[in-house]
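K.L.:
just the structure for this:
(chains A and B)
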Amino acid sequence: MDTILLYPVFIPLAVGFVLLFLPRRATPLFKAVTLVVSLLAFVCSVLILSRGEGSYHWSILELGAFRLDLLLSAAPLGSFILMFAMGFGVLITLYSLNSRAPIARSNEYYGSILLTIGGAAGILLSNHLLFLLIFWEIVTASLYILISTGGKSSNFAATKSFAMIGVSDAGFLLGVGIVWTLAGTFVISDISVATTSALPIIAFLLLMLAAITKAGAMPLHTWVPAGGEYAPTSVMALLPAALDKLLGIYLLVLIVKSLFTLDPNGPLTTVLAVIGAATIVIAVMIAMVQHNLKKLLSYHAVSQVGYMILGIATLTPVGIAGGVFHMLNNAIYKCCLFLCGGAVEEATGTADLERLGGLGAKMPLTFISCLIAALSISGIPPLNGFASKWMVYQGVVQMGQTQSSAGAGLWPVWLVAAMFGSALTLASFVKILHSVFLSRSPDALRDVKEVPWAQTLPMLVLACLCVVFGVFYEGPLRWFIFPALGITDGPAIFIGSWNSILATVLLLIGVGVGVGVLWIAAFAKKVRIVPTWTCGEIQRNDDMIIPGTHFYKTISSMGGLKQMYGGQERGYFDLYNQGGRVGLVLTGMLRWLHTGVLPMYLTWVTLGLLVVLLCLVAGIW
Amino acid sequence: MIQALTNLFWILIFPGFVFTLAVGLVAAWLVRKVSALVQYRVGPPVYQPAADVMKLLGKEILIPQDAQRAVFVAAPLIGLSGVLLLSTVLWLALAQREFVGDIIVAIYVMVLPSLALILGSSASSSPHAAIGAGREMKLVLSYELPLLLAFVVVIIKTSGALEAGEQLSLVAIAQHTPVLSISGMLAFIVALLCVQAKLGFVPFDIAESESEVASGVMIEYSGALLALWKLMQTLMLVALPLFLVTVFLGGIGTSVASVLGGVGKYVLVLVLVILIKNTNPRVRIDQAMRFFWFYCGTALLAAVVLATLGNYYGVGWL
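P.N.:
Modelled structure (predicted):
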């Protein structure tokens, strides 16, 4: 009986619930309470991880075969993700402390952050499918409230998120029901269903849909960019960038590794691989042409999920470990990137890439963090994004050579999609770095200042984690990932080699060689600061700015791609819009029937009675 | 300790900085000499590339006042160290020693010079450089797709003969000659064009194009900083053909005869690159993208299918 498992779940939930109903004026109180509670949850999660396995059991209800128990257990996978999830909670709370971003209804904002933290802890510790579902819904509902604190237009985004995640959650409920009928229990650790017949496959697909929608993979991804545009950036950094990835991929690993037994040569891995590879490439292609910093980042939050899903789809130890490691790495750099985006928006008042520029020297700490995170997400060695992508690639190669399903036969497609996606990611972050931090500064941004320490600190912490988890990538693997996935032979699962520590040292030596050359040269002549060379023409500063938004027009105007981009812009590929259209047709039919004329209704009632009568007569016969 | 010193020796002296630089300066001379021969000129003496770099080192460094100075100065350093790492890895792989990383690592490290060039030019506050940076990035995107497909062909061609756990090792791949098959030949030709673009040589010198954007990415660089860029390009002249030799042409080997053969392979690749450079006009960036994505991409898709079929039916020459 480990009562410590209760604290990170129920303390934030209870406090968060109370905060929702307090008057809005007490913002400083909310901040203090949220910081204390999130720190408490973080400390508890560290204790839970360090103590290893444990469980809490409280029987609530027993009706025949139906048992409702509050079952919490600290499994290796859940408790390691828990620690990071709680860590993100603390960092985001810290970031929000003196953020000047306009947040409507601070009581709901801080209350929902605590609800999210508690809900996430509940999901990660729960060993009972129904409770997992309840906590899952708590996180969904608090995401709705959090996005809607972003001001006027955010209600639309909040509704969209809630509708899309809600639909997938309905599938989740159905899937849980099917699993219960198949396995006869809700206890996660006791379930293991073979995916050989239709019903388990349907259940698997339903649960998978819930997992990937939460994580933000295609085709149900469009809530992420919608939120990215209107929600406060701290919310994006907390949920779609970090926690939703952790939770969605946690559920995916759970269903792939524990709830179901997947046949490596069956069709389900192919489905996952297709979703993964398509998500990587399509989302990043859309991201590349965005003009809004936050929207661009949101599309990358979608794209990166593809690597995790692809890694898990390979069903090889190195691929799954790579996918889970990428989940962790992505949460780190993506959270950092959103925080940087938020800082830029706060300092300059805009997230429009065409109106930014030259902030590198004005906001050095934000720039450094953003640079490191941007290079990480693009998979530049020796940062953490490279380490996990490298593992996913190995998983794909190994899948092609050891398995015999259709998906395994197509491994070159997955590999090229994933590796080329990485190049496209680099391209869109070059665009961000150029348009925001490098290039020239517009006159309007002359007096921009760095944001206060409470905002730069979380960014710097996350950027440092990017470097540490990249250079010493074997550390997090050995401490967290391998135990969590039950991999006992450690680095023996790799089929490639990557000595990142040596590479880093050698890169530093290489930089040293360059510095040496410069140093020798500096003796010979002085350094002189000169105006920019403009071929003799005198130009206004603002006319000399070439924003990065023009970089990829060559691609978006290429034959074939142009039509795709046009269709995407108009929302043709958005299931939310298409679903809405179908819904309109359905309600249109009802509206057509709903005339308000009494004889019409009477006719329908009579017809209905007739049908019932006929059925009854048929039944008696 | 001894291991650390050995690593230091490798990266700094042999086969790292000093040795690669020496080879690179000779290669740079070869580029100019062969170009001169093509154009019925005499060409420069063998020490000319070295003399050029020495001259640049003695010049004043100019930094634009609106530049993001830290990035402007750091970019050539990062580019240089990236190529240095790449060439050391490749040399040691040719000497049958697994060092630092596998082929995926090599492909990713290869992006560092271009990335450094983009960041440096983007930081230099010049509109010409900004246009150059955009073009360089698009060029990277263009050749990356066929290069990755070529890499997949190599993996398919070699994996049959390799043990599990070795499929990605550069040392193991260097023992094979995928070029001796239809798909391998296609992959080699396309990879050669990718190397052409990576080196920034005509017809793919779009990012620098002197006549349009006044050497674009490098417009604001001068003195020792420009010398560092030139050094980086000199080292790339060694590293990139070497990559082709390692991956497609069966490496260099250790016996005297095979080393001579290896040198021949390197010179062959280099001369091919120089001849393409001297017989083609510069293309526009959209033409380059279309060329790499559609034409090279289609050719390599065919190569991937051929290689897979060849593996499946055990036909080596496919």
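K.L.:
helices along the stretch 151-300 of chain A, start to end?
P.N.:
For the stretch 151-300 of chain A, helices defined by DSSP state H, counting those that start in this stretch occupy the ranges A:154-183, A:198-215, A:223-230, A:233-238, A:244-253, A:268-288, A:293-313.
K.L.:
share the number of residues neighbouring residue 109, please.
P.N.:
This is for chain A. If you count neighbours by other CB atoms under 10 Å in any protein chain shown, residue A:109 ends up with 25. (Glycine included, C-beta is placed from N, CA and C.)
K.L.:
to clarify, I was referring to chain B.
P.N.:
Residue B:109: 27 surrounding residues under other CB under 10 Å.
K.L.:
picking up where we left off before, now tabulate the helices of the stretch 151-300 of chain A in TSV and tack on mean pLDDT.
P.N.:
Output for these, formatted as TSV (pLDDT from 0 to 100):
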stretch	mean pLDDT
helix A:154-183	88
helix A:198-215	89
helix A:223-230	84
helix A:233-238	84
helix A:244-253	90
helix A:268-288	90
helix A:293-313	90
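K.L.:
dump those helices into TSV; add mean neighbour count and distance to residue A:352 as well.
P.N.:
Putting the helices of the stretch 151-300 of chain A into TSV (neighbours: other CB atoms under 10 Å in any protein chain shown; distance: least, CB to CB, whole Å) gives the following:
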stretch	mean neighbour count	distance to residue A:352
helix A:154-183	19	18
helix A:198-215	22	28
helix A:223-230	26	11
helix A:233-238	30	14
helix A:244-253	25	26
helix A:268-288	23	16
helix A:293-313	29	7
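K.L.:
give me the below-cutoff pLDDT ranges for chain B.
P.N.:
B:164 (pLDDT under 70).
K.L.:
could you point out the longest helix in it?
P.N.:
When chain B is parsed with DSSP state H, its longest helix is helix B:127-159.
K.L.:
tell me the angle of that one relative to helix A:268-288?
P.N.:
Here helix B:127-159 runs at an angle of 170 degrees relative to helix A:268-288 (axes from the mean of the first three to the mean of the last three CA atoms, to 10 degrees).
K.L.:
how about the residues of the stretch 301-450 of chain A by chain B?
P.N.:
Residues of the stretch 301-450 of chain A lying near chain B by CB under 8 Å from any CB of the partner chain: A:358, A:360-361, A:375, A:379-381, A:386, A:390, A:393-394, A:397, A:401, A:412, A:415-416, A:419-420, A:423-424, A:426-427, A:430-431, A:433-434, A:437-441.
K.L.:
what about the residues you listed, which are in helices?
P.N.:
Per DSSP H, those map to helices at A:375, A:386, A:390, A:393-394, A:397, A:401, A:412, A:415-416, A:419-420, A:423-424, A:426-427, A:430-431.
K.L.:
for the helices of the stretch 151-300 of chain A, give me CSV that also has distance to residue B:298.
P.N.:
Putting these into CSV (distance: least, CB to CB, whole Å) gives the following:
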stretch, distance to residue B:298
helix A:154-183, 37
helix A:198-215, 32
helix A:223-230, 32
helix A:233-238, 39
helix A:244-253, 35
helix A:268-288, 17
helix A:293-313, 24
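K.L.:
and residue A:107, which of those is closest to it?
P.N.:
Residue A:107 lies closest to helix A:233-238 among the helices of the stretch 151-300 of chain A, at 15.1 Å (CB to CB).
K.L.:
now do the contacts for residue A:201.
P.N.:
By CB atoms under 8 Å, 6 or more residues apart in numbering or on different chains, the residues touching residue A:201 are A:195, A:268.
K.L.:
run the last query once more with 6 Å
P.N.:
With contact taken as CB atoms under 6 Å, 6 or more residues apart in numbering or on different chains, residue A:201 is in contact with residue A:195.
K.L.:
what number of residues lie near the residue in chain B positioned nearest to chain A?
P.N.:
Closest to chain A within chain B is residue B:81: 2.4 Å, counting by CB to the nearest CB. Look at residue B:81: counted by other CB under 10 Å, it has 27 neighbours.
K.L.:
what's the local residue count around whichever residue of the stretch 101-250 of chain A sits closest to chain B?
P.N.:
Proximity to chain B, evaluated over the stretch 101-250 of chain A using CB to the nearest CB, is greatest for residue A:218 at 20.6 Å. Counted with other CB under 10 Å, residues neighbouring residue A:218 total 24.
K.L.:
ok, the residue lying closest to it once chain neighbours are set aside - contacts?
P.N.:
The shortest distance from residue A:218 to any residue other than its chain neighbours is 4.4 Å, reached at residue A:279 (CB to CB, 6 or more residues apart in numbering or on different chains). Contacts for residue A:279 were tallied using CB under 6 Å, 6+ apart; they are A:217-218, A:305-306.
K.L.:
residue A:416 now?
P.N.:
Contact partners of residue A:416, counting by CB under 6 Å, 6+ apart, are B:148-149.
K.L.:
what residues does the stretch 151-300 of chain B put near chain A?
P.N.:
B:152, B:165, B:167-168, B:224, B:228, B:285-286 (CB under 6 Å from any CB of the partner chain).
K.L.:
tell me where the chain has strands.
P.N.:
Just so you know, I chose chain A. For chain A, the strands defined by DSSP state E occupy A:55-63, A:66-73, A:193-194, A:260-261, A:527-530.
K.L.:
ah, I was thinking of chain B
P.N.:
Using DSSP E, strands in chain B cover B:61-64.
K.L.:
residue 184 - how many residues pack around it?
P.N.:
I'll assume chain A. For residue A:184, the neighbour count with other CB under 10 Å is 10.
K.L.:
I was thinking of chain B, sorry if that wasn't clear
P.N.:
As a burial measure, residue B:184 scores 29 neighbours (other CB under 10 Å).
K.L.:
gap between the residue lying closest to it once chain neighbours are set aside and residue A:413?
P.N.:
Spatial nearest neighbour of residue B:184, excluding adjacent residues (CB to CB, 6+ apart): residue B:178 at 3.5 Å. Between residue B:178 and residue A:413 the distance is 20 Å, computed by CB to CB, to the nearest Å.
K.L.:
who has more neighbours, these two?
P.N.:
Applying other CB under 10 Å to residue B:178 and residue A:413 shows that residue B:178 carries more neighbours, namely 23 against 17.
K.L.:
and the residue in chain A that chain B sits nearest to, what does it touch?
P.N.:
Ranked by CB to the nearest CB, the top residue of chain A for proximity to chain B is residue A:510, at 2.4 Å. By CB under 6 Å, 6+ apart, the contact list for residue A:510 reads B:81, B:84.
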